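Visitor: how would this look folded up:
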Amino acid sequence: MSWSGEIRSAGTSRARRFGRQTNFDKLGRMPWGLVALIVGLAVFGTAMLYSSTATNPASADLPAKHFTRFLISFVLMIGLALTPITYWKRAAFPAYGGALLLLIAVEFFGVSGGGAERWLELGPVRLQPSEFMKLALVMAVAHYYQITLRDNSGGFLIHIPAVLMVLAPAALILRQPDLGTALTVVAAGLVIIYFAGLFWRLILLALVGGVVGAPFAYFYVLKDYQRARVETLWNPSADPLGAGYQSEQAKIAIGSGGWDGKGFTQGTQSQLDFIPEQHTDFIFTVMAEEFGFLGSASMLLVWATVIVWGFLIAMRCNSNFGRFAAVGAVATIAFYVAFNVGMVAGLLPVVGIPMPLISYGGTAMLTVMAAFGLILSVHLHRDVKAP
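Guide: Numbers count the residues shown, from 1 in each chain. Below you'll find the predicted structure:
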């Protein structure tokens, strides 16, 4: 080894000894297997978008746009992964407060679209604050517990502020109305609260309260179209050409795929455009019809691997903030996957939740890749305790 090489080696060893890592060190410790799975899912999603739009010239550019967005988001993910978790911690409360103020602003200055008021227009830019809140909430609740559990072993009262932190944005998002995003926010927040030490009896009490309060929410909180979706879940054949049409066609597509599918771009339901929004929320029907049970199960197995890998990263982190933040980020992604499949299969109401990395949509892509960036940052800085 040359003299200059010895100097660089000694500098790297000293940086590692004192907990400082260069970006090259971090890239060397990146879990490239997990990154490869993420890239593979995005490439598969691009192929599915190509198939779902093959007979629609007006949508022929969607696969290229999807992959371009992924490449941009991939660079963002790597940049976020290299960011120390102490920086994430410092940004947690400001990000949550900013996202909450934007949600409040939607109440007064929101722009409507598709029957919902979810956006803010700032000059030429249209923002959806609820998407920012998904990751901001995860960071803020993780930071709260990192502070609270530092000198406190836990107890019932410490969870009350965290629950309020979750319910406040969820209520604002539900008013837009956006039931799918509200459920995503609540799910991620409650998973963090559970891992922070919530007692089982309190979880059971909350479940009982949810069951008791469900009728009230059904009649007085949900909009008419949301109630129609719930009714369609129980009896989709009651209105097969109306509210139940999408669910019925989705089941036909999934069933027609059989064991090994009809082949790429050979699905009848997808190629004849029987299923509305098959390139976004219902893209799972395209892969189920063309690749059958084996293909769908393989895709879900890849997602299960990614999710378990993410939880393992969270559990190995020495920082409470990193552990809770990674758990919340993984829960957000897992909720996307589980609810999308349940929705398409007719097991859950249709609430507009896409399949991450596979469905077309720039906002969801950005949210998911930022969540992956947080998970990877926790992995790279797992041995550094946030002060």
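Visitor: could you point out which element follows the longest helix anywhere in the chain?
Guide: In the chain, taking DSSP state H as the definition, the longest helix is helix 283-315. Downstream of helix 283-315, the first helix or strand assigned by DSSP states H and E is helix 320-344.
Visitor: mind checking how far that next one is from the chain centre?
Guide: 6 Å (Cα atoms, centre = their mean, to the nearest Å).
Visitor: what helices or strands is the next helix or strand after that helix leaning on?
Guide: Remark: after helix 320-344, the chain's next helix or strand is helix 362-380, criterion DSSP H and E. Packing partners of helix 362-380 (3 or more Cβ pairs under 8 Å, 6 or more residues apart in numbering; DSSP states H and E): helix 32-52, helix 62-81, helix 85-109, helix 129-148, helix 283-315, helix 320-344. From N, CA and C alone the C-beta is placed, and that goes for glycine too.
Visitor: Go again with 7 Å.
Guide: If contacts are counted by 3 or more Cβ pairs under 7 Å, 6 or more residues apart in numbering; DSSP states H and E, helix 362-380 sits against helix 62-81, helix 85-109, helix 129-148, helix 283-315, helix 320-344.
Visitor: ok, back up a step: the longest helix of the chain: which residues count as buried?
Guide: Within helix 283-315, the residues scored as buried using 16 or more other Cβ atoms under 10 Å are 283-292, 295-296, 299, 303, 306-307, 309-311, 313-314.
Visitor: quick one on the thing from earlier: just send the helices and strands packed on helix 362-380 back as a markdown table, with mean pLDDT too.
Guide: Shown next, in a markdown table, are the helices and strands packed on helix 362-380 (pLDDT from 0 to 100):
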| stretch | mean pLDDT |
| --- | --- |
| helix 62-81 | 95 |
| helix 85-109 | 93 |
| helix 129-148 | 93 |
| helix 283-315 | 95 |
| helix 320-344 | 94 |
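Visitor: residues contacting the spatially closest residue to A171 that is not a sequence neighbour?
Guide: In space, and not counting its chain neighbours, A171 is closest to A182: 7.9 Å by Cβ to Cβ, 6 or more residues apart in numbering. Going by Cβ atoms under 7 Å, 6 or more residues apart in numbering, A182 touches A170, I173, L174.
Visitor: again, 8 Å this time
Guide: A170, A171, I173, L174 (Cβ atoms under 8 Å, 6 or more residues apart in numbering).
Visitor: coming back round to it: run through the neighbouring helices and strands of the longest helix of the chain.
Guide: Counting contacts by 3+ Cβ pairs under 8 Å, 6+ apart, helix 283-315 packs against helix 32-52, helix 245-256, helix 268-271, helix 320-344, helix 362-380.
Visitor: who does the shortest one touch, helix- and strand-wise?
Guide: So the one you mean is helix 268-271. Counting contacts by 3+ Cβ pairs under 8 Å, 6+ apart, helix 268-271 is packed against helix 32-52, helix 245-256, helix 283-315.
Visitor: now the fourth one
Guide: Secondary-structure packing of helix 320-344 (3+ Cβ pairs under 8 Å, 6+ apart): helix 85-109, helix 129-148, helix 179-195, helix 283-315, helix 362-380.
Visitor: Between helix 129-148 and that helix, find me the angle.
Guide: 140 degrees (axes from the mean of the first three to the mean of the last three Cα atoms, to 10 degrees).
Visitor: G328 contacts A142, correct?
Guide: Yes. The pair G328 and A142 passes the contact test of Cβ atoms under 8 Å, sitting 6.1 Å apart.
Visitor: The residue nearest the centre of the chain: what's it in contact with?
Guide: Nearest to the mean C-alpha position of the chain, by Cα atoms, centre = their mean, lies I333 at 3.4 Å. By Cβ under 8 Å, 6+ apart, I333 lies in contact with V306, I307, G310, P356, V368, A371, F372.
Visitor: Excluding chain neighbours, give the residue nearest to the last one in space.
Guide: Nearest in space to F372, with sequence neighbours left out and distances taken as Cβ to Cβ, 6+ apart, is M77 at 5.2 Å.
Visitor: Reformat the helices and strands packed on helix 320-344 as CSV; add distance to S52.
Guide: Formatted as CSV, the helices and strands packed on helix 320-344 follow (distance: least, Cβ to Cβ, whole Å):
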stretch, distance to S52
helix 85-109, 31
helix 129-148, 23
helix 179-195, 20
helix 283-315, 5
helix 362-380, 16
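Visitor: of those, which approaches L37 most closely?
Guide: The closest of the helices and strands packed on helix 320-344 to L37 is helix 283-315. By Cβ to Cβ, the value is 5.3 Å.
Visitor: now the angle from the closest one to helix 362-380?
Guide: Interaxial angle, helix 283-315 versus helix 362-380 (the same axes, to 10 degrees): 20 degrees.
Visitor: Please work out the angle formed by the directions of helix 283-315 and helix 245-256.
Guide: 80 degrees.
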